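# Using only what follows, build the 3D model:
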Amino acid sequence: MNIKFCVILGAALTAGVGCSSVEKSKQASGSFDYIEAEAVEPIKVPEELDNPNFTGEFELPKLGSNAPKNHVGKKLVVASPSLVVPIVAGSYIEEGSKSAKVKFDQVNDSEALNQSIWNTLLNYLDKNDVSVASFDEDKGVLLTDWMLTTETIPGKWYTIVDKKSEVGRVFEFDLVMEPHGRTAELSVKLKDYAKSINDSIVETREDVIARTEEVDVLNQVIAHYEFQQGVKVTQVRRQIKQGLDTELGFDADGEPAFVIDGIYDITWPRLQLVLRDLGFDVKDLDKSNGLVFVSYNGPGTGWWSNLLSFKKKLLDVGDYRLKVVPQNEKTVVTFLTEDSEPFEVNQVTDLFEPFADTMSKNNLDI
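Got it, this is the predicted structure:
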C-alpha cells in the first residue's frame, strides 16, 4: 500500500470520515425520505373511553444489539447475500452457519491437511502480491497486509478526466484443526477496509458489510485450492505412468524383496497397474498398512489365450500377498504366500525380470 494512501486512511479513521458510495445496482430503489422520519407517539386514549384493539401485524421488530444501525438508505445493500462455495473435494459448510468459514476433510494422505491449507493460502497471497503481516502457525492465525485493488472509473463524456478508485482490505485467517488432524475449519474476518477515489477516502470499515468481503476472499482461496489440487492430480497421473527402475534387495526383516526407485505415494498406485499387467487380480488393499491381497490367474485363461500368449506363467494359480513399505525415496515390495510366508530366494529371482520390465514401462494404462 502506498504511503499517501496510508496517511489518508489514518486521517480518515481518526476523523471518522465516511460517506456512501455503494454501487447503484446494490441500492434500494425509490426515495430515502424515511431516514428523516420521526417516531410517532402512540395514540393516547382518554381514561373514560374504551381502548381500541390495535393490530401488531405491521409492527417493526426491535433492532438487536449487534444490528448494523448505520446500514440505512443508500448504505443499505439489497443484493443477494454472498455464499461460501465449497468446491474442493472433501470440503463442506455447516448448515445454518452465518460466518465466512469452510471445513475440509483429509482426502489425500500425501500431505498433512493443515500444511496443505496453509501452503494454498500462502501461495494465493503470493500470486496476488499480498504480503503477510503476521503468521503464527501454532495458533493457526494469519494476518494479511493490505490487499489492494485499483481500477479506473471513466469520466463523463464531456470531460477527459478519469477517476482512480483504490480499495484496500486486511483479512485475518484462522485455521482450527480437530484433535485427530483429519478435519480442519478455515475462517476469515475483515479486520480493516478503506476505499478511496482520487486519493479521497469514501468508504471505511463501518461502511461495508464485512461478510460480503469475507466470503468473497474465502471463495477465491477455495477456488485456488481446487485449482492446485487439480494440478497435483495431473502431475501424479503423469508420474504414475512413467517407468520406475527396480532392483533386487532385502526388506527390513532381511527377506528377499524388490526395491523400487520411487516414493511410496507414486509406487503404490503404479504397483496395481503392474500387477494387473502381469496377470494378478487385486482383491483387497490397505494403503495405511502397506498390504495388497491378490489372486494370480496366469497370463490368460482358456486354450486360445494360452496359445497366443507370449507371457510365461510366473507362479502357481492362487492367492498371494504383498507387503509394501516406504524406504526414504524408495519403496520395498515383498511377495508373500497366502499364509504370509515370504517367497524363497529362487521364487523372487524368477519373478524379478518380468516384474522389473513391466515396472519400467512408460504409459501403462491407468
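
# Tell me where the model's unsure across the stretch 1-150 of the chain.
Counting by pLDDT under 70, the stretch 1-150 of the chain contains low-confidence residues at 1-26.

# where do the strands sit along it?
The residue ranges that make up the strands of the stretch 1-150 of the chain, judged by DSSP state E, counting those that start in this stretch, are 91-92, 101-105, 132-136, 141-144, 147-153.

# do you know which of those lies nearest residue 220?
Smallest distance to residue 220 across these (CB to CB): 10.2 Å, for strand 147-153. All C-beta atoms are positioned from the backbone trio N, CA, C, and that covers glycine.

# Note down every partner strand of that closest one and its orientation.
Sheet neighbours of strand 147-153, with direction, are listed as strand 163-177 (antiparallel) (DSSP bridges).

# Show me what counts as buried in the partner strand.
By neighbour count on 16 or more other CB atoms under 10 Å, the buried set for strand 163-177 is 165-173, 175, 177.

# Could you work out the most separated pair of those residues?
Every pair in the buried residues of strand 163-177 was compared (CB to CB); the two farthest apart turn out to be 165 and 177, at 39.0 Å.

# Which residue of the protein lies farthest from its centroid?
Relative to the centre of the chain, the most outlying C-alpha is that of residue 48, 70.3 Å out, by CA atoms, centre = their mean.

# phi, psi of it?
With angles defined as degrees, to the nearest 10, residue 48 sits at phi -80, psi -10.

# residues contacting residue 114?
With contacts defined as CB atoms under 8 Å, 6 or more residues apart in numbering, the neighbours of residue 114 are 137, 140, 175, 177, 181, 184.

# Looking at those residues, which is nearest residue 148?
Looking across the contacts of residue 114 and measuring by CB to CB, the closest to residue 148 is residue 175, at 24.1 Å.

# Export only the CA atoms of stretch 34-43, formatted as PDB.
Included here for stretch 34-43 are C-alpha records, laid out as PDB according to Å, rounded to 0.1, in the frame of the first residue of the first chain:
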ATOM      1  CA  TYR A  34     -37.900   7.600   5.500                       C
ATOM      2  CA  ILE A  35     -34.400   8.300   7.100                       C
ATOM      3  CA  GLU A  36     -35.700  11.700   8.200                       C
ATOM      4  CA  ALA A  37     -39.000  10.300   9.600                       C
ATOM      5  CA  GLU A  38     -39.600  10.700  13.300                       C
ATOM      6  CA  ALA A  39     -41.200   8.200  15.600                       C
ATOM      7  CA  VAL A  40     -44.900   8.800  16.100                       C
ATOM      8  CA  GLU A  41     -46.200   8.700  19.600                       C
ATOM      9  CA  PRO A  42     -48.900   6.100  20.100                       C
ATOM     10  CA  ILE A  43     -52.500   7.300  20.300                       C
END
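
# residue contacts, the residue lying closest to residue 145 once chain neighbours are set aside?
Across the structure, with CB to CB, 6 or more residues apart in numbering as the measure, the residue nearest residue 145 apart from its sequence neighbours is residue 131 (3.9 Å). For residue 131, the contact set (CB under 8 Å, 6+ apart) comprises 125, 144-145.

# how far away is the nearest residue to residue 136 once chain neighbours are set aside from residue 357?
If the residues on either side of it in the chain are set aside, residue 136 comes closest to residue 142, at 7.7 Å by CB to CB, 6+ apart. Separation of residue 142 from residue 357 (CB to CB, to the nearest Å): 49 Å.

# which of these two has more neighbours?
For residue 142 versus residue 357, neighbours defined as other CB atoms under 10 Å are more numerous around residue 142 (21 against 13).

# Please name the bridge partners of the more buried one.
Here residue 142 sits in beta bridges with residue 135, residue 173, going by DSSP bridges.

# can you offset everything so residue one is 223?
With 223 as the first residue, the last one maps to residue 364.
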